[in-house]
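Asks: Sequence below, structure please.
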Amino acid sequence: MKLGASLIIGGALFALAIFVGLFAPWLAHTDPVMDANLINAEEPPSWTWWFGTDAQGRDIYSRVVHGARISLTVGIVSQLVNSVIGVTLGLTAGYWGGWWDDFVNGLTNLMLAIPSLIFALAIMAVLGPGLTSLLIALGLTNWSFTCRIARASTLSLKSQGYVQAARVLGYGDLRIMITQLLPNMLGPIIVIGTLGMGGAVLAEAALSFLGLGIRPPYPSWGSMLSEARDQITTAPWLSIFPGLAIFLTVLGLNLLGDGLRDILDPQSRSRRT
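Replies: The predicted structure is shown next:
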C-alpha cells in the first residue's frame, strides 16, 4: 500500500463513523427503540427498509446508526482512561525509578499475564451490565502497553541535554515530566491509542454479545449480533449489517494508526520497505 493510503482510507472510515455517531438522530429513519411493529417483523432489505427489520419490526438501519454512538463512546472514552493511567504510571516509573519503578513493572507484568477480556468480564460481572460499567471495565484493563511505551520513552529521554538543562534552571520533577518529557513521547502514545480504540470497539461488541454490555433494547452492534444469532440462516441481514459496521470501524482505526505511525515514526516505515 502506498505511503499515505493507510492514513487516508483509515481517516475517511473513522471520520465517517464519527459523522454517523454525531448525527445519528437526523440520519436514522425511525426511533431505534420505540418504533417497533410486529407487522414489519424480519422484513428483508428494500427501498423502504434499507437494512431490513428485526424480529420486533425495528429498523436495522436506524439501530446500526445509533449503535455507532455507543461503540465510538466506549472506544474513545475507555482509551482516554487507558492512556491517562498508562502514561502516568510509565512516565513516573521511568523518571523516578527505584521501588516505584519495580512496583509499576510488577503491576504491568501482572496485567499483561491476565487476558484483558477475561479481566473485563470479571469487572462487568461485579458491576453489572450498562454503559458506565463497560467504560470502567475497559478503561482499567488495557493500559499496560501504553505504560510500557511511556516508561521506555522516559528512560531514553531523561538523560537528554534539554532535560539536564531544565534541572539546572530549577525545574521540578513534575514540571520536567509535563513540559520536557511528555511532549516528546506523544507520537507513539497517539499511535497505540488509535489502535487501542479499535480493540475497545471489539471488546464492547464481545461483552455486549455475551449480555454484559449495553442492555437491550438500546442498540449496540454486539447486542444486535447476539439477538441475530438464532436467525443467521433465515434472516442473515440481522447480523450482516452490524457485523459490517464493526469491521469497517475497526479497520479504519487500524489503518489510521498504521498511517500515523508512518508519519510520526519514519524509521518504522523504512524498516518495512
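
Asks: What sits closest to the one residue sitting closest to the centre of the chain if chain neighbours are left out?
Replies: Centroid-nearest residue in the chain: M197, 2.0 Å away (criterion: CA atoms, centre = their mean). Excluding its sequence neighbours, the residue lying closest to M197 (CB to CB, 6 or more residues apart in numbering) is G75, at 4.1 Å. (Each C-beta comes from the backbone N, C-alpha and C, glycine too.)

Asks: if we can go back for a sec, how about the contacts made by the residue nearest to the centre of the chain?
Replies: Residues in contact with M197 (CB atoms under 8 Å, 6 or more residues apart in numbering) are G75, I76, Q79, L253.

Asks: Which helix or which strand is home to it?
Replies: Using DSSP states H and E, M197 sits within helix 186-209.

Asks: Please pull out the lowest mean pLDDT helix or strand from the chain.
Replies: Here the helix or strand of the chain ranked lowest by mean pLDDT, DSSP states H and E is helix 266-272, holding a mean of 50.

Asks: Does anything pack onto the helix or strand containing V126? Which helices or strands?
Replies: Taking DSSP H and E as the criterion, V126 maps to helix 116-127. Helices and strands touching helix 116-127, by 3 or more CB pairs under 8 Å, 6 or more residues apart in numbering; DSSP states H and E, are helix 131-139, helix 186-209.

Asks: what's the closest of the ones you listed to I8?
Replies: Ranking the helices and strands packed on helix 116-127 by proximity to I8 (CB to CB) places helix 186-209 first, at 14.6 Å.

Asks: any idea of the mean pLDDT for that closest one?
Replies: For helix 186-209, mean pLDDT rounds to 88.

Asks: from the middle of its chain, how far away would that helix be?
Replies: In terms of CA atoms, centre = their mean, to the nearest Å, the centre of helix 186-209 is set 3 Å apart from its chain centre.

Asks: If we go by neighbour counts, what in that helix is buried?
Replies: Across helix 186-209, burial judged by 16 or more other CB atoms under 10 Å covers 187-209.

Asks: Including neighbour count, secondary structure and pLDDT, could the contacts of M197 go into JSON lines?
Replies: Listed next are the contacts of M197 as JSON lines, based on neighbours: other CB atoms under 10 Å; DSSP: H, G, I helix; E, B strand; the rest coil; pLDDT from 0 to 100:
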{"residue": "G75", "neighbour count": "26", "secondary structure": "helix", "pLDDT": "89"}
{"residue": "I76", "neighbour count": "16", "secondary structure": "helix", "pLDDT": "91"}
{"residue": "Q79", "neighbour count": "27", "secondary structure": "helix", "pLDDT": "92"}
{"residue": "L253", "neighbour count": "28", "secondary structure": "helix", "pLDDT": "91"}
